[in-house]
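Peer 1: Sequence first, then the predicted structure:
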Amino acid sequence: MALNSFLVEIDRYMLDCSAKGLSPKTLKSYEQTLRLFARYLLDNFEIDDVKSVKVEHIQAYIRSIEDRGKFTVSAVESPVNYPERRVDFGKPVSKTTIANYVRNIKAFYSHLYSEQLIRSNPLKDLKNVKPERKIKVMLEDNELKQFFRSFDVSKFDQYRDWVIARLIFDSGARIGEILEVVPSDIDLRSNAILLRKTKSGKQRFVYFSQKTRNHLKSWIAFKDRYTDSNYLFPTNRGTKHRIEGVERSFRLRSRDVGLQITPHLLRNNFAKRYLINGGDLATLSRLLGHASVEVTSQIYLDFADKEVMKKYRQHSPLENLDI
């Protein structure tokens, strides 16, 4: 059987991406997208060479995704990882997902062109798909109280996840960044945490309140009685806690009180409340670890009418003048 040169170039590209220090989540997204595309080209056009791809092929691929519905691909040799077993198999693919597919494929072809592996880039003029914007819910005070009260803090795992939840909401750190923290990363005098392993690869500090400082001190003392793990938030066995474990814990706790709360939703609510309380975009951008203030400014577009009204009332020019 002839070697599929498209797959060879994908492997080379993934090595290059790994060398750049991209996160495992980003690498997985790239590889899944490209392997699905490669399989589609082979099955539908008998194309196994990157040089044979034209813009109409990716246009046809986008249409096929919309018709096909959700699917999956293994990042290892076998291209299919039992997609029919997925609970969302065949359901409509969002514009955001399609936009990510197009962006990943275009990045791959930009790489091939810059490395002079192709003479021209067939996708350079392909327009990006505009992703959908879904307004993330702004949690009410009573909803946050219900969620935090749903944890049984007498149990090691729920106490740990309760502290994690409060830390995300108080600092805006990503869950993946928090799970990498070790006790020596915490400065209890300055109420700061050094995040060493971040999405961007750049270390940064985030900060927490006096309330969280007290909870962290209590948690560290509690944790040290039961495990000698190097991680601040280990599993019951002392190993590194997984993002999926935290997400499942939040899902169970929030479901008990009729809510749907994720680590990312808590981070988003930190950002929204920071802005509503008068915080500035530049500082928020640094706290969130965004690549630019422009990325952070998208949070403004995520405000619902009720939140805009609240922010207006706090900063009305006339209301704040004695005239």
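Peer 2: Okay, I see it. Numbering: from 1, shown residues only.
Peer 1: So for F6, what's the nearest residue that isn't a sequence neighbour?
Peer 2: A38 (4.6 Å; CB to CB, 6 or more residues apart in numbering). C-betas here are computed from N, CA, C, even on glycine.
Peer 1: Need the residues that contact the host helix or strand of E56.
Peer 2: Assessed by DSSP states H and E, E56 sits inside helix 55-68. The list of residues contacting helix 55-68 from outside it, by CB atoms under 8 Å, 6 or more residues apart in numbering, reads 37, 40-41, 44-45, 47, 90, 92-93, 98, 101-102, 105, 122-123, 125-126, 129.
Peer 1: For the residue nearest to F6, give its distance to V53.
Peer 2: Counting by CB to CB, to the nearest Å, the separation of A38 from V53 is 10 Å.
Peer 1: try R225
Peer 2: If you go by CB to CB, the gap between R225 and V53 works out to 59 Å.
Peer 1: Which one's more surrounded, these two?
Peer 2: Between R225 and V53, counted using other CB atoms under 10 Å, V53 has the larger neighbour count: 22 against 7.
Peer 1: Enumerate every residue touching the more buried one.
Peer 2: Remark: with contacts taken as CB under 8 Å, 6+ apart, V53 is in contact with 41, 47, 109, 122-123.
Peer 1: From the contacts of helix 55-68, list just the buried residues.
Peer 2: Applying a neighbour-count criterion of 16 or more other CB atoms under 10 Å, the buried members of those are 37, 40-41, 47, 93, 98, 101-102, 105, 122-123, 126, 129.
Peer 1: Any chance of JSON lines for those, columns pLDDT?
Peer 2: Compiled in JSON lines, these are given as follows (pLDDT from 0 to 100):
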{"residue": "F37", "pLDDT": "93"}
{"residue": "Y40", "pLDDT": "93"}
{"residue": "L41", "pLDDT": "93"}
{"residue": "I47", "pLDDT": "92"}
{"residue": "V93", "pLDDT": "77"}
{"residue": "I98", "pLDDT": "87"}
{"residue": "Y101", "pLDDT": "89"}
{"residue": "V102", "pLDDT": "89"}
{"residue": "I105", "pLDDT": "94"}
{"residue": "P122", "pLDDT": "88"}
{"residue": "L123", "pLDDT": "86"}
{"residue": "L126", "pLDDT": "81"}
{"residue": "V129", "pLDDT": "73"}
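Peer 1: closest to V257 among the residues you listed?
Peer 2: Minimum distance to V257 across these is 31.5 Å, recorded for V93 (CB to CB).
Peer 1: Is the closest one in a helix, a strand, or coil?
Peer 2: Taking DSSP: H, G, I helix; E, B strand; the rest coil as the rule, one finds V93 in the coil state.
Peer 1: What's the first helix or strand after the one helix or strand D170 maps to?
Peer 2: Here D170, judged by DSSP H and E, is contained in helix 156-171. With elements assigned by DSSP H and E, the helix or strand that comes after helix 156-171 is helix 175-178.
Peer 1: What helices and strands are in contact with that next one?
Peer 2: The contact analysis (3 or more CB pairs under 8 Å, 6 or more residues apart in numbering; DSSP states H and E) places helix 175-178 against helix 156-171, helix 243-256, helix 263-276.
Peer 1: what about P263, neighbour count?
Peer 2: Using other CB under 10 Å, P263 has 23 other residues around it.
Peer 1: who's in contact with it?
Peer 2: With contacts taken as CB under 8 Å, 6+ apart, P263 has the following neighbours: 164-165, 168, 174-175, 243, 246-247, 250.
Peer 1: Make a markdown table from the residues you listed and add pLDDT to it.
Peer 2: Below are the contacts of P263 laid out as a markdown table (pLDDT from 0 to 100):
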| residue | pLDDT |
| --- | --- |
| I164 | 98 |
| A165 | 97 |
| I168 | 97 |
| R174 | 95 |
| I175 | 96 |
| I243 | 93 |
| V246 | 96 |
| E247 | 95 |
| F250 | 97 |
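Peer 1: so which of those comes closest to F233?
Peer 2: Lowest distance from F233 to those (CB to CB) belongs to I164, with 5.7 Å.
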